[in-house]
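Undergrad: Curious how this folds, go ahead:
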Amino acid sequence: MKKLSIILFVLLSAYGVFAQSFSLKSVLSYPFPSQLVAAPVGAKIAWAANEQGKRNIYVAQAPHYQAVKITDYSEDDGQELTGLSISADGKWIVFVRGGDHGGRDGGPVNANSSPIAPKVQVFCIPFDGGKTVLLGEGDYPVISPNSDQVIFTKNGQVMISPVDGTSAAKNLFYAKGINGACKWSPDGKKVAFISNRNDHSFLGIYTDQQTPVKWLLPSFSKDNTPVWSPDGNDIVFIRTPGAGGETDSILTRKHQPWAIWTVNVNTGTGKQIWKAPETLRGSFPSIDGGANLLWADGKIIFTSYEDRWPHLYAINPDGSKKMLLTPGNFAVENIKLSTDKKTLVFAANTGNDADDLDRRHIYKVSVSQADMQPLTHGKGIEAYPVISGDTQTFFCLSATAERPLLPALINPGKVLKLIGESLIPNDFPLKEMVLPQHVNFKAADGSTVYGQLFSPKKAVKNQPAIVYVHGGPQRQMLLGWNPMDYYSIDYALNQYLVHLGFMVLSVNYRLGTGYGYDFHKPLHAGAQGASEYQDIKAAGDWLARQPMINKEKIGIYGGSYGGYLTALALGKDSKLFAAGVDIHGVNNRFTTLAQEGRKPAPDAALAEKVAEESSPVSYVNTWTSPTLIIHADDDRNVAFNQSVDLIKRFEDKKFDFEFLAIPDDTHHWMKFSNGLKVSEATADFLKRKLMEKK
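TA: Numbering: from 1, shown residues only. Presented below is the predicted three-dimensional model:
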């Protein structure tokens, strides 16, 4: 076994036509923006930028929209910035520093291995810059409509602090359970919240210290996502069944019921106004934002997958006159409602170009009619739109195939004004980026597989090739820089691999989003048969048929769910995939399906057998391709022991492999230096195994 102990920051060797002219660090040096928010008044925005691990908040405002940094965090210490919001008067920015909000446990992260335990903390800072003030330890802050107070959660209880931090935060109230999803009433006098009590949850209203918490329509169900009516008299919320019931089949797909309810805050009376169709497509939508429930101007807005695509719907507050606002064969996501509650803005993978299926553009639609209009178009990627307080000025995050993500003002005529372009380092290899091309092909069962093909600018015969497998699996890779930070890193790595001389095929396999319900929710997938692996094998076979490709030099890599499928590929098809990198993948899908006090599922034995057959560790005996295993040991998405277990099996088999273990970081490479280390290790391994002569 070879221990990977030193990672070179620059690969020094030259390989003829594969000689590199930019480093991996330079292509990863972009200032990744996130958390884009618009002020409720005026035309001004704020966002968080990750500049090689140094995370700070920037602002910009009319008329010039110059990017101005207002915080001064100067270390690559793994402390993310989330929860950005701007007060109603536009004077304050509140944010959270710390945690891993993309993981199952969002608690403190010590990726820097600091002797001092890090915390998850809520801060405020004036929009125009000034002193950053700690409001308290906690998460998920919400500024009051009066711009004077902030509520947030700490250890399942709700805290309150003055927005300027002039006095210490204190408990707002006590309630049993894990309390969160807090929403101020429009007049700032009440707080709606959800009290999660494991197998059920309640919707509560806090008024003041003298008034008991009021529980609205308490039941044996799970209530969530409370949204106030504009006049503050009513709340709309989602109700799903509580836990329990007769033990059902594991392998049979079932409808996941949900319904929309309204309740009057003053009288406590309410009713179900809409129930999802009892079909598979009518199940609670497992998409960006879930149901995306909103109370607009005279309409209640939600998303549903019932017509095969995730779309926006509007109904009257009494549940009548349901209307599809965004008809068509495309997906909507990143949905925002204007301050006057009359306009919705969102991203969608549709447009005039057929390849827009693999892009994102910004659209708007009225809440009361299906008058969807494009705000952007072309060959770029636009996502996460917001509307300024004047309801007329739109912003988004914009990228192209060559240029990484930046905030942008959407001008009339669908013209983008980039904000903060000077933050891109001078040595970023903009002109060296290649344009990926949309491709599709068939899997063994006839299903269509989608992907983006990255080809070197100087093609040669017998090129080595790489299959890249994204994670999620509810993701879609695009024809440009991805608006999610994890996948922007992988996009940069794919560009770097192409520059080394590889052809790279990024695969959008079934289980992913962007191609409709049947693609997103296929039969026999995951631990129930891994039907999606057919798409990965089809990608390798497709590359092997290309005339310029050396079919003996096809590698594969992926992270998370992509690591799982990479491991399946190496275990089941080592003859096709000559080498691979399994990055924090799920290698063992065995599970005990029995629950104490309940009858076993009627197909429990069969489900366990199928899960075993769907697990990469079941194919260790046919796993012969060189492999690199990478995992960080504070991973909150895929347990570190998934890799520990696989490596022990390799050691027992005396199979020669390489590994990279990263102490204290999480699934999302909170430290830039760790993300760089992982990417360099991946590129170095694939280069050595697929390019160097033995």
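
Undergrad: what residue is smack in the middle of this structure?
TA: M484 (6.0 Å; Cα atoms, centre = their mean).

Undergrad: Wait, that residue touches M477, no?
TA: No: shown here, M484 and M477 do not form a contact pair, counting by Cβ atoms under 8 Å, at 9.9 Å. Placement of C-beta: from N, CA and C, glycine included.

Undergrad: isn't L511 right up against P473?
TA: Yes: with contact defined as Cβ under 8 Å, L511 counts as touching P473 (3.9 Å).

Undergrad: From one end of stretch 452-468 to the other, what's the distance?
TA: 10 Å (Cα to Cα, to the nearest Å).

Undergrad: List the buried residues in it.
TA: For stretch 452-468, a neighbour-count test (16 or more other Cβ atoms under 10 Å) marks 452-456, 463-468 as buried.

Undergrad: Stretch 109-126 too?
TA: 109-112, 118, 120-126.

Undergrad: Then stretch 260-279?
TA: 260-263, 265, 270, 273-274, 276.

Undergrad: ok, back up a step: among the buried residues of stretch 452-468, which two are most distant?
TA: Q452 and P464 (18.0 Å; Cβ to Cβ).

Undergrad: Count residues in the vicinity of the residue nearest to I238 when sequence neighbours are not counted, would you?
TA: Distances taken as Cβ to Cβ, 6 or more residues apart in numbering place T225 nearest to I238, at 4.6 Å, with adjacent residues excluded. When neighbours are counted by other Cβ atoms under 10 Å, T225 registers 21.

Undergrad: Could you do S643 as well?
TA: 27.

Undergrad: Can you name the residues that contact it?
TA: Neighbour list for S643: 582, 584-585, 587, 629-631, 659, 661 [criterion: Cβ atoms under 8 Å, 6 or more residues apart in numbering].

Undergrad: L628 falls within a strand, correct?
TA: Yes: L628: assigned to a strand according to DSSP: H, G, I helix; E, B strand; the rest coil.

Undergrad: how near is it to I647?
TA: 11 Å (Cβ to Cβ, to the nearest Å).

Undergrad: out of those two, which sits in the busier spot?
TA: Set side by side, L628 and I647 show more neighbours around L628, with 23 against 19, by other Cβ under 10 Å.

Undergrad: related to what we said a few turns ago, can the contacts of S643 go into TSV with extra columns for pLDDT, distance to Q528 and secondary structure?
TA: Shown next, in TSV, are the contacts of S643 (pLDDT from 0 to 100; distance: Cβ to Cβ, whole Å; DSSP: H, G, I helix; E, B strand; the rest coil):
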residue	pLDDT	distance to Q528	secondary structure
D582	98	21	strand
H584	98	22	coil
G585	97	18	coil
N587	95	17	coil
I629	98	25	strand
I630	98	27	strand
H631	98	25	strand
F659	98	30	strand
A661	98	31	strand
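
Undergrad: Could you identify which of those residues has the most neighbours?
TA: D582 (32 neighbours).

Undergrad: Surely it is in contact with W623?
TA: No: using Cβ under 8 Å, D582 is not in contact with W623; the gap is 10.5 Å.

Undergrad: Now for these two: what residues contact both?
TA: By Cβ under 8 Å, 6+ apart, the residues touching both D582 and W623 are L570.

Undergrad: tell me the mean pLDDT over stretch 58-65?
TA: Stretch 58-65 shows a mean pLDDT of 96.

Undergrad: on that earlier part again, what is the distance between the helix or strand hosting the residue nearest to I238 and the centre of its chain?
TA: Using DSSP states H and E, T225 maps to strand 222-228. Offset of strand 222-228 from its chain centre (Cα atoms, centre = their mean, to the nearest Å): 22 Å.

Undergrad: tell me which residues in it are buried?
TA: Neighbour-count burial for strand 222-228 flags 222-228 (criterion: 16+ other Cβ under 10 Å).

Undergrad: And for stretch 152-161?
TA: For stretch 152-161, by 16+ other Cβ under 10 Å, it's 152-154, 157-161.

Undergrad: Mind putting these into a markdown table with pLDDT, distance to H438 and secondary structure?
TA: Formatted as a markdown table, the buried residues of stretch 152-161 follow (pLDDT from 0 to 100; distance: Cβ to Cβ, whole Å; three-state DSSP):
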| residue | pLDDT | distance to H438 | secondary structure |
| --- | --- | --- | --- |
| F152 | 98 | 43 | strand |
| T153 | 98 | 43 | strand |
| K154 | 97 | 47 | strand |
| Q157 | 98 | 49 | strand |
| V158 | 98 | 48 | strand |
| M159 | 98 | 49 | strand |
| I160 | 98 | 51 | strand |
| S161 | 98 | 49 | strand |
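
Undergrad: Of the residues you listed, just say which sits nearest to N329.
TA: Once Cβ to Cβ is applied, the member of these that ends up nearest N329 is T153, at 39.6 Å.

Undergrad: residue contacts, that closest one?
TA: 138-140, 159, 179-180, 182.

Undergrad: Let's see that with 6 Å instead.
TA: When contacts are counted by Cβ atoms under 6 Å, 6 or more residues apart in numbering, T153 touches 138-140, 180.

Undergrad: most neighbours, which of those?
TA: Top of those by neighbour count (other Cβ under 10 Å): G138, with 23 neighbours.

Undergrad: how close does that one sit to Q121?
TA: Taking Cβ to Cβ, one finds G138 at 7 Å from Q121.

Undergrad: Tell me where the stretch 201-350 of the chain has strands.
TA: 201-206, 214-216, 222-228, 234-240, 259-264, 270-275, 294-295, 300-304, 311-315, 323-324, 332-337, 343-348 (DSSP state E, counting those that start in this stretch).

Undergrad: The nearest residue to N329 once chain neighbours are set aside: neighbouring residues, count only.
TA: Among residues not flanking N329 along the chain, W309 sits closest, at 6.1 Å (Cβ to Cβ, 6+ apart). W309 has 24 neighbouring residues, counting by other Cβ under 10 Å.

Undergrad: per-residue confidence at W309?
TA: At W309, pLDDT is 97.

Undergrad: Same question for P663.
TA: Confidence score, pLDDT, at P663: 98.

Undergrad: could you measure F502 against I57, distance?
TA: F502 is 37 Å from I57, by Cβ to Cβ.

Undergrad: whoops, L216 was the one
TA: Distance of L216 to I57, given as Cβ to Cβ: 36 Å.

Undergrad: L357 now?
TA: According to Cβ to Cβ, L357 stands 34 Å off from I57.

Undergrad: Of the two, give the one with the bigger neighbour count.
TA: For L357 and I57, the more surrounded residue by other Cβ under 10 Å is I57, and the numbers stand at 25 against 21.

Undergrad: At which residues are the helices of the stretch 101-250 of the chain located?
TA: Applying DSSP state H, counting those that start in this stretch to the stretch 101-250 of the chain gives no helices.

Undergrad: what pLDDT does K693 get?
TA: With respect to pLDDT, K693 scores 77.

Undergrad: whoops, I mixed them up, L337
TA: 98.

Undergrad: Quick one: residues contacting it.
TA: 294, 296, 344.

Undergrad: so which two of the contacts of T153 are the farthest from each other?
TA: The widest separation within the contacts of T153 (Cβ to Cβ) is 10.7 Å, between G138 and G180.

Undergrad: what's the longest strand in this structure?
TA: Using DSSP state E to define each element, the chain has its longest strand at strand 549-559.

Undergrad: Partner strands of that strand, with direction?
TA: Sheet pairing of strand 549-559 (DSSP bridges) gives strand 463-469 (parallel), strand 579-583 (parallel).

Undergrad: Compare the ones you listed and give me the one nearest P616.
TA: Closest among the strands paired with strand 549-559, using Cβ to Cβ: strand 579-583, at 8.0 Å.

Undergrad: show me where the stretch 51-200 of the chain has strands.
TA: Using DSSP E, counting those that start in this stretch, strands in the stretch 51-200 of the chain cover 54-61, 68-69, 81-86, 92-97, 121-126, 133-137, 139-143, 149-154, 157-162, 170-173, 178-184, 191-196.
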